[in-house]
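K.L.:
Structure of the sequence below:
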Amino acid sequence: MEELLYVMNPWWEEGAVPKRLRGKPRTERVQSLVEEHDKDVISILTGPRRTGKTTIFYQCIHKLIGSGVPPNKILYVELDHPSLLAEDLIPETLKEFRQIHSHPRDEKVYLFLDEIQHIEGWHRWMKSIYDVERVKLYLTGSISSMLKRDTYASLTGRYLKRELWPMDFNEWLDFSDKTIKRSESYLYLSEVERYLKRGGFPEVTIQEDWNEAERYLLTYFEDMIFKDIGRVREIRDMRTLEDIATFLVKNISCITSLSKMANTFKISPNTAKEYVDSLSEVYLFFPCPYFSHSVNERNYNPKKYYIVDTGLRRAVDPVENMGPTVENAVYNHLRREGKTYYWKDKVELGFYLPEKKRAVECKYKKAIENKDINGLVKFMRSHQVNESIVITEDLRDERKIRGEQIKFQPLWEFLLESGHH
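P.N.:
Modelled structure (predicted):
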């Protein structure tokens, strides 16, 4: 094991994290983790695969070394490595690390564990280490169910969790080294459409050739289904699961009932629900429920489903259709601000955030008539709304329609103002 740990931790011999591992700087993401190095909490970074969690760990380690932490006090372990399969891997690896560098138990060390969900009962080991040893713990995981109720109970008060998603439009521009002057804001229109088509996965963003980028995205899609879900649930028919995932991609922004899905794929509604839940657990899709003050109505009505990244959508379903793609991008930003719902009563409203009383409609075109937003107006007249926005291609306007004040805003401007920073 000693040789493998030296391979995983090249800074023990080189004194710094090699440049090839550090990638492009993501300063804000890294700084928040570095600032927790002396806090008595377990720092957890979750989110879908390939969003850059490992690279951010390397950048965090690099920063810690730069701030004066001795390189040999930092242990990084890649838990999906085929050589590391033992159930007691975590305590044994930590013991080996202390032996290699002669660190007594009362000496503080830093432990970075990548893809923690590979270790059965990992939260019990974390609690034990946290309670007994002087170790600052950093963890990543690519499955939402890694923090189930029993985990929360055993780690209550001991952890801080962050979620890392594909980059939003702001971060994508920074990562792509795009600087647009205020006098040339019209350039945002072409950039936001490029962002929608390619999505926000870091490895895809740096690919110049779309064919190569598409290959990456299709691999991510398949790995989330066949690798990640395989570790979460025992799915008998993985091909049907893949067919359902493809079906959801092709029906982004459509109201989709589980019973119809069950009929289409000749499975039971319970199996359909299990398959869709598993796709959500690996952060591939997100359900958008129907809005009602009645819990029964919310549960009874079918949901809409959105994919985690618009580039994934285009790779799996190459048909050019900007409407659903724009709606997906808007949903991905809104859900980071709070619980997001759709609404329908003969006419439909795209999204509503009840915590903010914010209604949002997507109409990605240049000219928008009042009749195009009947759903928004009807919702506003029957519900108390603090803010209403219509997302457009490049129209910026404010109108009073049937007594309701409505803001029209270009997509690029909305994405720059909104989202997770």
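K.L.:
what about stretch 290-300, distance to the chain center?
P.N.:
A distance of 26 Å separates the centroid of the chain from that of stretch 290-300, by Cα atoms, centre = their mean, to the nearest Å.
K.L.:
End to end on it, go ahead and measure it.
P.N.:
The first and last residues of stretch 290-300 sit 9 Å apart, counting by Cα to Cα, to the nearest Å.
K.L.:
swap in stretch 382-392?
P.N.:
24 Å.
K.L.:
May I see the buried residues of that stretch?
P.N.:
Val385, Ser388, Ile389, Val390, Ile391, Thr392 (16 or more other Cβ atoms under 10 Å). From N, CA and C alone the C-beta is placed, and that goes for glycine too.
K.L.:
Skipping its backbone neighbours, what lies nearest the fifth one in space?
P.N.:
To tie it back to what came earlier, the one meant is Ile391. What sits nearest to Ile391 in space, not counting adjacent residues and going by Cβ to Cβ, 6 or more residues apart in numbering, is Cys362, at 4.6 Å.
K.L.:
How about the second one?
P.N.:
Distances taken as Cβ to Cβ, 6+ apart place Ala359 nearest to Ser388, at 4.5 Å, with adjacent residues excluded.
K.L.:
Tell me the secondary structure at the one you found.
P.N.:
Using DSSP: H, G, I helix; E, B strand; the rest coil, the secondary structure recorded for Ala359 is strand.
K.L.:
my read: it touches Gln384, true?
P.N.:
No - between Ala359 and Gln384 there is no contact under Cβ atoms under 8 Å: 10.4 Å.
K.L.:
and the chain, what are its domains?
P.N.:
Annotated domains of the chain cover 2-163, 170-417 [automatic domain parsing].
K.L.:
is it possible to export these to a markdown table including mean pLDDT?
P.N.:
Listed next are the domains of the chain as a markdown table, based on pLDDT from 0 to 100:
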| stretch | mean pLDDT |
| --- | --- |
| domain 2-163 | 90 |
| domain 170-417 | 94 |
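K.L.:
Just the element for Pro166, please.
P.N.:
Using DSSP states H and E, Pro166 sits within no helix or strand.
K.L.:
next one: Arg399
P.N.:
Counting by DSSP H and E, Arg399 is part of strand 397-401.
K.L.:
picking that back up, can you tell me which of the buried residues of stretch 382-392 are in strands?
P.N.:
Cross-referencing the buried residues of stretch 382-392 against strands under DSSP state E gives Ser388, Ile389, Val390, Ile391, Thr392.
K.L.:
Ile401 is in contact with the first one, correct?
P.N.:
Read that as Ser388. No - under the criterion of Cβ under 8 Å, Ser388 makes no contact with Ile401, lying 9.7 Å away.
K.L.:
and for the two, which residues touch both?
P.N.:
Counting by Cβ atoms under 8 Å, 6 or more residues apart in numbering, Ser388 and Ile401 have no common neighbour.
K.L.:
How much space separates the closest residue to Val34 other than its chain neighbours from Met167?
P.N.:
Take Val34 and drop its neighbours on the chain: the residue closest to it by Cβ to Cβ, 6+ apart is Lys63, 4.7 Å away. To Met167, Lys63 is 20 Å away according to Cβ to Cβ, to the nearest Å.
K.L.:
one step back: what residues are up against the residue nearest to Val34?
P.N.:
Counting by Cβ under 8 Å, 6+ apart, Lys63 touches Val30, Gln31, Val34.
K.L.:
These, buried ones only, as a ChimeraX selection?
P.N.:
In ChimeraX, a selection of the buried entries from the contacts of Lys63 looks like this (16+ other Cβ under 10 Å):
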select :30,34
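K.L.:
Make JSON lines out of the contacts of Lys63 and add distance to Glu242 and secondary structure.
P.N.:
Shown next, in JSON lines, are those (distance: Cβ to Cβ, whole Å; DSSP: H, G, I helix; E, B strand; the rest coil):
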{"residue": "Val30", "distance to Glu242": "35", "secondary structure": "helix"}
{"residue": "Gln31", "distance to Glu242": "39", "secondary structure": "helix"}
{"residue": "Val34", "distance to Glu242": "39", "secondary structure": "helix"}
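K.L.:
closest to Gly323 among the contacts of Lys63?
P.N.:
Nearest to Gly323 out of these is Val30 (Cβ to Cβ; 36.3 Å).
K.L.:
what's the neighbour count on the nearest residue to that closest one once chain neighbours are set aside?
P.N.:
Setting aside the residues directly before and after it, Val30 is nearest to Gln59 in space (Cβ to Cβ, 6+ apart), at 4.5 Å. Gln59: 24 surrounding residues under other Cβ atoms under 10 Å.
K.L.:
Same question for the one 10 residues further on.
P.N.:
Other residues within reach of Val69, judged by other Cβ under 10 Å, total 18.
K.L.:
Now the helix or strand His123 falls within: buried residues?
P.N.:
Here His123 sits within helix 122-132, counting by DSSP H and E. Neighbour counts over helix 122-132 (16+ other Cβ under 10 Å) mark Trp122, His123, Trp125, Met126, Lys127, Ile129, Tyr130 as buried.
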